[in-house]
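Trainee: sequence-free structure coming up:
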């Protein structure tokens, strides 16, 4: 491990306990450097300068730091589906931080209490974060609330029960779209001898799973027997529908791609339901099954709590009537 990597680990220790609200509100604690980190910077200044003098090292570090922040943001506010252009901007922000830090390091005093490149970086990062939150309707939430958006892990049995799916009759192969970090449902189904695969932007290495955005999922025409999306793709589609933006149209196109990827007799099972688009489907081509799983409270601070939550199964008919 390089000196830069060691210092990044120390920096992460300084930032422990931070929340997305801290970034959006430009909390001063984010620009604080512990005495341990400041001492390490002074002690290893020469080696740091040598490592930061290589373009490949800078690019690797910028990508690593941007990926780390993306995972942090996705855990804190799941509706931040970053486009490639946004990820590129994020990498450029961190590359600029590293360039500025290297230039500052040449003349940095032996004793310092603040790091101007870090302060400038967090000014830019706050602007970027607020813009990204605004695009998904989360800026007001970040400014007004100290809560995080709930994003839990559910047992495979509960997911199948909520979606009214019977593992013994699942049409194969099965795709879990937004399978979660551990892909528990995919692994459970595979242990039952069913051909199942998962796709998620945060998934770790596991049999049958692929990391990536659900907009990149393999959806060849008539390729899947069952597509499952439990509190994943359709939850984000619903958010995009409720927050006026161009994202809703993109989700609608992907929704139709998913239906097109079903084999005759195949099923797209998901929650929450999407009545605003389900009512537009051709009943001669698709059978729609739906039911209530949660009744909205009508008084929550989160807009999505004010609606009735349903599960839906869209079954592609074997023959068009």
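Mentor: Alright, I've got the coordinates. The structure presented is a predicted model; accordingly, all values stated were derived computationally and were not measured. Numbering: from 1, shown residues only.
Trainee: per-residue pLDDT, residue 147?
Mentor: Listed pLDDT for residue 147 reads 62.
Trainee: What's the per-residue pLDDT of residue 300 here?
Mentor: On pLDDT, residue 300 comes in at 43.
Trainee: show me what contacts residue 277?
Mentor: Each residue near residue 277 by CB atoms under 8 Å, 6 or more residues apart in numbering is listed here: 252, 255. For glycine as for every other residue, the C-beta is placed from the backbone atoms N, C-alpha and C.
Trainee: change it to 6 Å
Mentor: Residues near residue 277 by CB atoms under 6 Å, 6 or more residues apart in numbering: none.
Trainee: What of the one 10 residues further on?
Mentor: Listed by CB under 6 Å, 6+ apart, the contact set of residue 287 reads residue 315.
Trainee: That one should be in a strand, yeah?
Mentor: Yes. Residue 287 sits within a strand when classified using DSSP: H, G, I helix; E, B strand; the rest coil.
Trainee: Please name the bridge partners of it.
Mentor: residue 315 (DSSP bridges).
Trainee: Run through who's touching stretch 8-19.
Mentor: Stretch 8-19 is contacted by residues 34, 37 when judged by CB under 6 Å, 6+ apart.
Trainee: same thing but 7 Å
Mentor: 30, 32-34, 36-37, 40, 76, 148 (CB atoms under 7 Å, 6 or more residues apart in numbering).
Trainee: can you check stretch 253-273 too?
Mentor: For stretch 253-273, the external contacting residues (CB under 7 Å, 6+ apart) are 162-163, 165, 171, 215, 219-231, 233-235, 237-238, 277, 286, 290, 293, 309-316, 318.
Trainee: tell me which residues of that stretch are tucked away?
Mentor: 254-255, 258-259, 261-263, 266-273 (16 or more other CB atoms under 10 Å).
Trainee: Between the two ends of it, how far is it?
Mentor: Terminal residues of stretch 253-273 are spaced 16 Å apart (CA to CA, to the nearest Å).
Trainee: again with stretch 159-167
Mentor: Start-to-end, stretch 159-167 (CA to CA) is 11 Å.
Trainee: list the buried ones in it?
Mentor: Neighbour-count burial for stretch 159-167 flags 159-160, 162-163, 165 (criterion: 16+ other CB under 10 Å).
Trainee: How about residues contacting it?
Mentor: Taking CB under 7 Å, 6+ apart as the rule, stretch 159-167 contacts 185, 189, 192, 194, 228, 230, 269, 271, 291, 293, 311, 313.
Trainee: ok, and the most crowded of those?
Mentor: residue 228 (28 neighbours; other CB atoms under 10 Å).
Trainee: helix or strand for that one, which one?
Mentor: strand 224-230 (DSSP states H and E).
Trainee: Strands of the stretch 51-200 of the chain, start to end?
Mentor: Remark: strands assigned in the stretch 51-200 of the chain by DSSP state E, counting those that start in this stretch are 174-177, 196-200.
Trainee: Can you redo these as TSV, where the extra columns are mean neighbour count, mean pLDDT and distance to residue 99?
Mentor: Below are the strands of the stretch 51-200 of the chain laid out as TSV (neighbours: other CB atoms under 10 Å; pLDDT from 0 to 100; distance: least, CB to CB, whole Å):
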stretch	mean neighbour count	mean pLDDT	distance to residue 99
strand 174-177	26	97	39
strand 196-200	25	95	33
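Trainee: In CSV: those, plus distance to residue 86.
Mentor: Output for those, formatted as CSV (distance: least, CB to CB, whole Å):
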stretch, distance to residue 86
strand 174-177, 21
strand 196-200, 18
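Trainee: Any idea how many residues pack against residue 281?
Mentor: 15.
Trainee: Distance check, residue 89 against residue 275.
Mentor: Distance, residue 89 to residue 275, by CB to CB, to the nearest Å: 35 Å.
Trainee: wait, which of the strands of the stretch 51-200 of the chain is closest to residue 105?
Mentor: Closest to residue 105 of the strands of the stretch 51-200 of the chain is strand 196-200 (CB to CB; 38.5 Å).
Trainee: Any stretches of the protein with poor pLDDT?
Mentor: Applying pLDDT under 70 to the chain picks out residues 1, 145-152, 294-307, 320-321.
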